[in-house]
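Undergrad: Quick one, structure for this:
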Amino acid sequence: MASTSIKIRAKLADDEVTVKALMTHPMESGTRKDSKTGELVPAHYIQEVKCDLGGKNVMTAYWNGGVSKNPYLSFKFTGASKGDKMTLTWVYNKGESESGEAEIS
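TA: Purely as a prediction, here's the structure:
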């Protein structure tokens, strides 16, 4: 499996939280051929991203193999305070999942 990491920032301004997340992931669609072997590179991409705040879902995004390598995600939501912790969880097309946490500043 490819090495995956995420950088998350969440900032509160005027009662609205802006989340910015950068994920390091190859996002293989399954249609690209390996230049050395000519074989198809197996599909391996993030298919679902969720943001939870205090156990409540505030955003869900459904992706497919058409999302670029190292995807950047930005979104806004209301109902949070400085110091609250939010969690981003993502699920791969192969069933594995990972998550990252950020404190709202």
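Undergrad: how close does residue 84 sit to residue 77?
TA: Distance, residue 84 to residue 77, by Cβ to Cβ, to the nearest Å: 11 Å. Every residue, glycine included, has its C-beta placed from N, CA and C.
Undergrad: can you check residue 105 too?
TA: Plainly put, residue 105 is 15 Å away from residue 77 if you go by Cβ to Cβ.
Undergrad: what sits in contact with each of residue 84 and residue 77?
TA: Residues touching both residue 84 and residue 77 (Cβ atoms under 8 Å, 6 or more residues apart in numbering) are residue 53.
Undergrad: what about the protein, any weak spots by pLDDT?
TA: Screening the chain residue by residue with the criterion pLDDT under 70, one finds the ranges 1-4.
Undergrad: for it, what spans make up the strands?
TA: Secondary structure of the chain (DSSP state E): strands located at 5-13, 16-24, 46-53, 56-62, 72-78, 85-92, 97-103.
Undergrad: Specify which residue of residue 105 and residue 77 has the higher count of neighbours.
TA: Of the pair residue 105 and residue 77, residue 77 is the one with more neighbours under other Cβ atoms under 10 Å, namely 15 against 10.
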